[in-house]
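# generate a structure from the sequence data that follows.
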Amino acid sequence: MTIRIFTKTLAFMGFLILLCGCERATDRCVQPEGVALQVLGSGGPIADDGRASSAYVVWIDGKARVLIDAGGGAFLRFGEAGARFEDLDFVGLSHFHTDHSADFSALLKSGNFSDRKRPLPVAGPDEEGVFPGLKDFLEATLDREAGAYGYLSSFLNGAEGTPMLTPREVKDGPPALLWSSEDLAIDAMQVPHGIVPAVAFRVRAGDVTIVFASDQNGSDPAFVDFASEASILVMHMVVPEGVSGVGRRLHAPPSRIGEIAGRAQPDKLVLSHFMARSLEDLEGNVALVKGGYSGVVVVAEDLACVAP
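Residues are numbered from 1 along each chain as shown. Modelled structure (predicted):
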């Protein structure tokens, strides 16, 4: 019975995607040349929709070079996508809600079985209130004496040939360059997500720019400049229009997403990180987004691939 209901739900989702006039992403991302975004997880914090929580990979010339977020289910989807731990140049954790970070330790453990030796840059927010910064998060999970997964402590110091994590905390203020190489650069800025420190990331690979808005309420005008004219802008449509209270303090409703995209003018807008409340009227919510943004809108699904 559960399988039958889930199958009907997927079929209905496909119907809604066609109805709202959205572009449907493909499911093949590994190409020998070029840049592409793969959605590993398009769901939220509730295990009721058959989706993994927030996670994304940026493929460059056939390798998964960047991982943004590692929410629940990311571990499975990472393997299903054909991504390899040893190919990663950078990991960005937008904030420390479980639906964005819970599978990070599992991915590290998987990396123990790879041939990787070089350090792995990791970035996330600094501490604020009851929420830890990235360095405290890593200590709380990986510290040999006090960490929940102390047996993975070699990732903190590079012992026994383990690739050492090199953390970088993103503070409130203007965008900062976090990491760069000959063909790749990554910037970040904090974004408003209620009392939760959260980070948006911008990945630049050649002439392709992919911006990950993270969870945010859309109240910081500086984000528009940060996302301006991106090839792909990923925004999280977690709540429906008219939401109030905590939901609105944490997340931008569809009309605000449309306003931001309309000002930033990306080539493509990817809507992701859905919950049942934002999927219930997908057609109506996407129409509100399109009221402010006239470009290409993609409704994300797990393992979907979006080309620039």
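
# when you work out contacts or count neighbours from here on, use the C-alpha atoms and nothing else.
Will do.

# sec struct for residue 105, please.
For residue 105, the assignment made with DSSP: H, G, I helix; E, B strand; the rest coil gives helix.

# let me know whether residue 119 touches residue 163 as I believe.
Yes. Between residue 119 and residue 163 there is a contact at 4.7 Å, judged by Cα atoms under 8 Å.

# who has more neighbours, those two?
Between residue 119 and residue 163, counted using other Cα atoms under 10 Å, the more crowded position is residue 163 (24 against 17).

# so which strand or helix has that one?
For residue 163, there is no host helix or strand (DSSP states H and E).

# what do you get for residue 259?
Element membership for residue 259 (DSSP H and E) is helix 254-264.

# ok, residues contacting that helix?
With contact meaning Cα atoms under 8 Å, 6 or more residues apart in numbering, helix 254-264 is reached by 218, 224-225, 227-230, 233, 235, 237, 239-241, 269, 285-286, 288-294.

# in helices, which of those residues appear?
Taking DSSP state H, the ones among the contacts of helix 254-264 that sit in helices are 224-225, 227, 285-286, 288-290.

# redo the residues you listed as a markdown table? Include distance to residue 209.
Compiled in a markdown table, the ones in helices among the contacts of helix 254-264 are given as follows (distance: Cα to Cα, whole Å):
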| residue | distance to residue 209 |
| --- | --- |
| 224 | 14 |
| 225 | 13 |
| 227 | 9 |
| 285 | 26 |
| 286 | 23 |
| 288 | 25 |
| 289 | 21 |
| 290 | 22 |
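
# residues contacting residue 165?
Counted by Cα under 8 Å, 6+ apart, residue 165 has contacts 119-122, 155-158.

# now swap in residue 154 and tell me
Contact analysis of residue 154 by Cα under 8 Å, 6+ apart lists 160, 162, 164.

# pLDDT averaged over the helix or strand containing residue 78, what's the number?
Assigned by DSSP H and E, residue 78 belongs to helix 74-80. In this model, helix 74-80 has an average pLDDT of 96.

# other SSEs contacting that helix?
Using 3 or more Cα pairs under 8 Å, 6 or more residues apart in numbering; DSSP states H and E, the elements in contact with helix 74-80 are strand 35-41, helix 104-111.

# what is the first one packed up against?
With contacts defined as 3+ Cα pairs under 8 Å, 6+ apart, the secondary structure elements packing on strand 35-41 are strand 55-60, helix 74-80, strand 305-306.

# average pLDDT for the very next helix or strand once past the helix holding residue 78, rounded please.
For helix 74-80, the succeeding helix or strand toward the C-terminus, using DSSP H and E, is strand 90-92. Mean per-residue pLDDT for strand 90-92: 98.

# sounds good, over and out.
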